[in-house]
Each structure stands twice: as C-alpha cells, then as structure tokens.
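A.B. asks: Compute the structure for the input listed below.
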Amino acid sequence: MENILIVDDEKNYPMVIGELLQEEGYTTCTASNGMEALDILSHEFVDLVLTDVKMPGMDGILLLEKIKAVNPDIPVIVMTAYGSVEKAVEAMHKGAYTFILKPFENQTLIAHIAKAISVYRIVQENKILREEIRTRYNFDNIIGKSKPMQEVYGIIKKVAPSSASILIEGESGTGKELVAKSIHYNSTRKDNALIAVNCSAFAETLLESELFGHEKGAFTGAATMKKGRFELAHKGSLFLDEIGELPLALQVKLLRVLQEKTVERVGGTDSIPVDFRLIAATNKDLEHEIRQGNFREDLYYRLNVVKAVIPPLRKRPQDIPLLINHFIDKYTPDSARPDKRCEIDPHAVQLLCEYPWHGNVRELENMIERSMILCSDNIITVSDLPQQVRQNKDNTVNLEGIPEGAGLVETLAAVEKKMIQQAMKRSGNVQTKAAELLGIGKSGLNQKLKKFNIDK
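C.D. replies: Residues are numbered from 1 along each chain as shown. Reported below is the predicted structural model:
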C-alpha cells in the first residue's frame, strides 16, 4: 500500500485530501510546512509528495528542491491556488512530476497520483533489476581458481573501468558473453545499455541494417525509420559476438565507425555521433583469419587494444568441482529446504573432471541440470551421468597398465593410437573434426590412420 505525504498549511485541506486518498486505498501522512515534511521524509518511507506552493517559511518550490536533492526519484506533485505559468515552469524544471491548480476535480488528482506512483514503481523495479544484474555479473561470479582463469580475471578487472576496446577469444561455451557482461556492469557505463549482436546470426544485408539502422523507404519493407545497434549503444557498450564471422564489407564500415565515432543509417546521409565501448568476442584465431585474407588487420588492431583469452574447460579441470557446485545452486529452487539441496557423488565428480568437455562450461551446465532432474534421492551418481561420460573412463589410456620394461617407442605408439581412436569416435568418424581435436592436419591424420590400420 503506497504512502502519500500531503503538505499544506491550510488546516482542513490535508484532512480532506487524506480522506479522499484513503478511500482509494492509499495511506497518508500530513505536514503543515516544509520543515515538518522534511522531518517526516527523514524517518518514514513515502511513495509520493503532494505539496502546496505558498507556505510560510519554506515554499513548495524550495521543498521540491530539497526533496530531489535527497531522493531524485520520488514523485512530487505541486498544487496551488496561486498558479501561474512561471511557477508551473519553475516546478517542472526542478523535477516536479506535474503541477495542478486548486480547486481541482477529485478524479483529476487521483488520476495524476495513480500515474505518478505507477511510474515511480517502474523506476524502483528497474533499480532493483539493475542491482540484481550487477550482482549477477560481479567479477566474483566468474567461477575459477585455476591459474588461467585468475589471469583472465586480472585482465578484465583492470580493463573494465576504462573505455578501451577489448577482444575476448575462446572456444564456444567457455563463457565469453559472461565476461563481456561482467566488463560492462563493472564499468563507468554500467547505468547505460549493453547492446549485443551475434554477427553469425544475420545475413550480410540484414546485419548492416541491424548495426547501422535505416531510414524510412531505404529498401523494400523499410516502412519506418529504425535506429541501429550502434545508436542504441550510445553512452553504453556494444558487444559484437562472433566477430570473426563479420563480412569484409562490414569490417570496413565498422572500422570507419570506430575511427570517426559517427554512423550513417542505411539510406541516409546524416552523420550521427555515437559514443560506445566496443567489446568483441570470437571463437576463431583472428591472426590466422588475417593470413587467410578473411579479416582486416587494421580492424584487428582496433579491436585488440586488450585481449582476454578464455581457456577451454579441459585445460582447467581443477575448476570443474567449483562449477558443479555453482550449477547445483543455480538449479536448486529458492523454495527448496537446505536438506533438499542436490548432492553429487565423489565418483561422479571424478568422472566429470576426466571428461574432455568439447562443449566447455555450457556443456557442463547442461549436464548438471539434466542429472539433477534424473537423479534419485537428490544425489547425482555415476549412473545419472550421460553414457559418453561413463564410457570416457573406459577409453582413458592407463599408463600404469603398460608392462614394465616396455620401450618408449612402442609406448608412445600405443598412446598415439588410442588418442586417434578416441578422436575418431568422438567426431563420429569425421576426419576433419578428429584432426581438429588432435591438433593436427587432415593429411597427417590420414597417414596415421593407415599407419595404425584404424578403420576410417
């Protein structure tokens, strides 16, 4: 129930308005002057202030100023029988929600109050939501105590307060978007928008319109003017995901935007100033793409002011138990009792730590959520894990099982053969994918398949 403070030096007026508002479901409190009103506001929560202008000591305009200095969000409706255009303009310039003249219709006052409180409620909800988002993307929520993750943490913590462009590299599923959001929500631009674009999700012509916007009639179907993502990110941050997929023609235009700090909408001629912080991410090796002629070197250096490389999960297995606990907490309902929290068997944890995780953190999260649904008695056991995880243990090369006195050449050959067999199985016998998993070329893999007589 919203509480409204009524400030008026007329003896009966606050009481009459109070009764009217109480009938509408509001609670009210009253003050006969500005100082009394400020005293009430200092110790009582108020959703709206309804104040007269002409009062002894401190008039309504000065009271409005003092209220806004303490809480700029709280709506203040100014009312007076001595209304003038000048007073109305002054009140609105100093932050009044609206200005109403006495005498007024009751329903007019009620309508103004209802709308003002509705706007105030939205403002407060947005504040809470922004705070929740900041908490969610706090640096502490980037899970990982391994050395590679601590290096990433150190880089992004230093770069976040600046406006420098940052390039985030890493395989799919490693958490590049989480890092991008953490950078934005810990920067000086955190109160403005973070606009995200996946460069691989649009055809080239559509992507240009998404980034630059378009004028009405610029092309068939452009029925109205549309602002692009560059404009929407003004004073905030722009996150270009999978920037390695950006066509060369758009790379040139992006470079110009970064140099000139202006954009032109498709079909337009006006240069529109833009001020945004660019965060880019890719799962490709852009230096390799430059050598292949697929990415502009000058754009790469514009993006790569600071680089953060997110390590794949298989290279930081010590972080897996931390991530498991994090995802169990995430998918445990808030209403669940502590004794109903899901647990995981140590043998299951061990298997998860040994799994290669080609889908990285995203794959682990999916697997934990699935296992929590399928497990019995709130305990995830080995039997609750997917078959590929359970089989992984059987496919592991057991070095302790190698006979004593075995030569190095035959031992390495056995390990090499086993790794190739595993890679072929995980890739579904697709040689290109298997070669990528092994970090060798396709022709080299083909030679080894023949050498070890492995069925293709």
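
A.B. asks: rest of the way, CA atoms for contacts and neighbours
C.D. replies: Fine.

A.B. asks: and the spatially most central residue of the chain, what element?
C.D. replies: The centroid of the chain falls nearest to Lys181 when counting by C-alpha atoms, centre = their mean (4.2 Å). Lys181 is part of helix 176-185 when elements are defined by DSSP states H and E.

A.B. asks: tell me which residues in the host helix or strand of Gly154 are buried?
C.D. replies: Gly154 is part of helix 147-159, with elements assigned from DSSP H and E. Of all the residues in helix 147-159, those buried under the rule 16 or more other C-alpha atoms under 10 Å are 149, 152-153, 156, 159.

A.B. asks: tilt between that helix and helix 176-185?
C.D. replies: 30 degrees (axes from the mean of the first three to the mean of the last three C-alpha atoms, to 10 degrees).

A.B. asks: What is the very next helix or strand once past helix 147-159 packed up against?
C.D. replies: In the C-terminal direction, the helix or strand that comes right after helix 147-159 (DSSP H and E) is strand 166-169. Helices and strands touching strand 166-169, by 3 or more C-alpha pairs under 8 Å, 6 or more residues apart in numbering; DSSP states H and E, are helix 176-185, strand 277-282, strand 306-309.

A.B. asks: show me what contacts the closest residue to Asn186 other than its chain neighbours?
C.D. replies: With C-alpha to C-alpha, 6 or more residues apart in numbering as the criterion, Asn186 has its nearest non-adjacent residue at 6.0 Å, and that residue is Ala160. By C-alpha atoms under 8 Å, 6 or more residues apart in numbering, the residues touching Ala160 are 183-184, 186-187.

A.B. asks: do you know how far Val123 is from Thr51?
C.D. replies: 21 Å (C-alpha to C-alpha, to the nearest Å).

A.B. asks: Same check on Lys147?
C.D. replies: Counting by C-alpha to C-alpha - Lys147 and Thr51 are separated by 60 Å.

A.B. asks: Same check on Gly144?
C.D. replies: 54 Å.

A.B. asks: Settle it for me: which of these two has more neighbours?
C.D. replies: Neighbours were counted for Gly144 and for Thr51 using other C-alpha atoms under 10 Å; Thr51 has more, 30 against 20.

A.B. asks: looking at this, the more buried one is in a helix?
C.D. replies: No. Read with DSSP: H, G, I helix; E, B strand; the rest coil, Thr51 is strand and lies in no helix.

A.B. asks: which residues does the nearest residue to Gly175 once chain neighbours are set aside contact?
C.D. replies: Nearest residue to Gly175, sequence neighbours excluded (C-alpha to C-alpha, 6+ apart): Val361, at 6.9 Å. Shown in contact with Val361 (C-alpha under 8 Å, 6+ apart): 173-175, 313.

A.B. asks: Helix, strand or coil: sort out Val361 for me.
C.D. replies: Val361 is classified as helix under three-state DSSP.

A.B. asks: before we move on, what about Asp319?
C.D. replies: With three-state DSSP as the criterion, Asp319 reads helix.

A.B. asks: Relative to Ile100, how far out is it?
C.D. replies: Asp319 is 61 Å from Ile100, by C-alpha to C-alpha.

A.B. asks: Let me know the helix or strand that Gln422 is in.
C.D. replies: In the assignment (DSSP H and E), Gln422 maps to helix 408-426.

A.B. asks: what's the average pLDDT for that helix?
C.D. replies: Average pLDDT, helix 408-426: 78.

A.B. asks: Tell me the gap between the helix or strand following it and the middle of its chain.
C.D. replies: With elements assigned by DSSP H and E, the helix or strand that comes after helix 408-426 is helix 431-438. Helix 431-438 sits 33 Å away from the centroid of its parent chain (C-alpha atoms, centre = their mean, to the nearest Å).

A.B. asks: Measure how helix 431-438 sits relative to helix 408-426, angle-wise.
C.D. replies: Going by the same axes, to 10 degrees, helix 431-438 makes 130 degrees with helix 408-426.

A.B. asks: Report all helices and strands that helix 431-438 contacts.
C.D. replies: helix 408-426, helix 442-451.

A.B. asks: Now the longest one: buried residues?
C.D. replies: To tie it back to what came earlier, the one meant is helix 408-426. So for helix 408-426, counting by 16+ other C-alpha under 10 Å, buried means 414, 416-424.

A.B. asks: and which of those is nearest to Ser443?
C.D. replies: Ile420 (13.5 Å; C-alpha to C-alpha).
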